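this is a predicted model, with the sequence first.
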Amino acid sequence: MSLNIREIPVSNYERIIHAVNETTKLDCVISIHNTKLGPALGGVRSWSYDNFQKQLQDALNLSKAMSLKNSICGINFGGGKAVINLKGVKKTPELYESYGEVVNKLNNTYITAGDVGTTTEDLLLINKSTNYVSGVKLETSAPTARGVYNAIKTTHNFLTNKDIKNSVVAISGIGKVGSKLAKILFEKKIKLIVSNIGKDAFDQLKKNNISFIESNIDSIYEENCDIISPCALGGAINSKNKGKLKCKAIVGAANNQLDSTETAEWLKKNNILYLPDYLVNSGGVIAISCEINNSENTLNEKLNEIGKKVLSLLKESQNSSLWTNKIAEELAWKRINS
């Protein structure tokens, strides 16, 4: 096979590789950000990128977020991420098997898992070429959704000192995690506003007898709600829509929800709480850690810890001039460097 691997030096990142296999059409970037706490653990995203720079930047952003996530949720893994560019390429068994070969060459410095666009079936194909893959027997969207719910409930109680029942939550993106979150919230008697790019997801919610108000992917950020939960791709809260927000808090599953530090500071100044995504959505990686360490019996307890950490973060932010993301990042780095 015509596999070519090149190293890409990036400041403050331990290792970046770009792997291309002309035979299988694999084009992937693997970013290992930090391994002080253990092997880098993070999923492989299968997505269509217009150019290499966007692909590389996504890998860099996501792998750094994984370092922070794995640290703040208390597991002994570093941060890494892989992105496969599917621009003009069909998903094939050969593509994912060749990706597994690349992971295997990294000798347990990076453990891959599922992510956006990568299915359990894809992970099984990867597993043919390497043992450094997790989540093969575990569906991570359910624990992720449960962790997000714990964060939403804690944030609502902090803001109102009331039960979350009859509150209004807007969910942007009802894919694997968002749909499961919608089900949990509906069962808790929470009113739902949802948006999604494809219409099939709405039909699935209706099929499951989940009541909701349908919005679109742009106007959902203008909806009157208590909490908005971005559960799709990054940059959901940005310079274009932040001034239209009518929510009290942002608590979602998507990675890198804010487009900039300036947006985070603007939210703080305008009294809109933002809970760092890498804490809120850590349920999936916690579940993977439990699988790797054969400690699945502790999963529920660890998912409940997300709510406790959210409350601690909210209290500290309330008593300081710092925004929650800054506090969380400092806590994560303190553990990494201890």
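That came in fine, so what should we check first? Only a predicted model underlies this, so the values are computations on that prediction, with no experimental measurement involved.

what is the burial count for residue 70?
As a burial measure, residue 70 scores 31 neighbours (other C-beta atoms under 10 Å). No exception for glycine: its C-beta is placed from N, CA and C like everyone else's.

pLDDT below threshold where in this protein?
Across the chain, residues meeting the criterion (pLDDT under 70) sit at 1.

break it into its domains for me.
3-127, 141-337 (automatic domain parsing).

tabulate the ones you listed (CSV), appending distance to residue 135.
Listed next are those as CSV, based on distance: least, C-beta to C-beta, whole Å:
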stretch, distance to residue 135
domain 3-127, 4
domain 141-337, 5
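
quick one: contacts of the helix or strand residue 202 falls within?
Secondary structure from DSSP states H and E places residue 202 in helix 200-207. Contact with helix 200-207 is made by 174-175, 178-179, 182, 194, 196, 212, 214, as judged by C-beta atoms under 8 Å, 6 or more residues apart in numbering.

and the next element down the chain from that helix?
Using DSSP H and E, the helix or strand that follows helix 200-207 in sequence is strand 213-214.

what is that next one packed up against?
Using 3 or more C-beta pairs under 8 Å, 6 or more residues apart in numbering; DSSP states H and E as the contact test, the elements touching strand 213-214 are strand 191-195.

number of residues surrounding residue 247?
20.

my read: it touches residue 171, true?
No - the pair residue 247 / residue 171 is not scored as a contact, 11.7 Å apart, by C-beta atoms under 8 Å.

one step back: and the helix holding residue 202, how far from the chain's centre?
23 Å (C-alpha atoms, centre = their mean, to the nearest Å).

same question for stretch 283-292.
Distance of stretch 283-292 from the chain centroid (C-alpha atoms, centre = their mean) equals 13 Å.

what sits up against that stretch?
Contacts of stretch 283-292 (C-beta under 8 Å, 6+ apart): 41-42, 66, 69-70, 73, 75-77, 111, 113, 134-135, 137-138, 140-141, 143-148, 295-296, 298-299, 302-303, 306.

distance of the residue lying closest to residue 128 once chain neighbours are set aside from residue 47?
Among residues not flanking residue 128 along the chain, residue 97 sits closest, at 5.4 Å (C-beta to C-beta, 6 or more residues apart in numbering). Shown here: residue 97 relative to residue 47, a distance of 19 Å by C-beta to C-beta, to the nearest Å.

contacts only, for the closest residue to residue 215 other than its chain neighbours.
Distances taken as C-beta to C-beta, 6+ apart place residue 195 nearest to residue 215, at 4.5 Å, with adjacent residues excluded. By C-beta under 8 Å, 6+ apart, the contact set of residue 195 is 170-174, 214-217, 219-220.

you'd agree residue 109 is up against residue 34?
No - counting by C-beta under 8 Å, residue 34 is not a contact partner of residue 109; they are 11.1 Å apart.

neighbour count: those two, which is higher?
residue 34 (22 against 18).

spell out the secondary structure type for the spatially closest residue to the more buried one that is not a sequence neighbour.
The shortest distance from residue 34 to any non-neighbouring residue, by C-beta to C-beta, 6+ apart, is to residue 67 (4.4 Å). Secondary structure, DSSP: H, G, I helix; E, B strand; the rest coil: residue 67 is helix.

the helices in the stretch 1-150 of the chain, which residues?
Along the stretch 1-150 of the chain, counting by DSSP state H, counting those that start in this stretch, helices occupy 52-72, 93-105, 120-127, 141-160.

in TSV, list those along with distance to residue 266.
Formatted as TSV, those follow (distance: least, C-beta to C-beta, whole Å):
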stretch	distance to residue 266
helix 52-72	20
helix 93-105	39
helix 120-127	38
helix 141-160	19
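
tally of neighbours for residue 104?
15.

would you confirm that it contacts residue 128?
No - taking contacts as C-beta under 8 Å, residue 104 lies outside contact range of residue 128: 10.4 Å.

quick revisit: to residue 86, which of the helices of the stretch 1-150 of the chain lies closest?
Residue 86 lies closest, by C-beta to C-beta, to one member of the helices of the stretch 1-150 of the chain: helix 93-105, at 8.7 Å.
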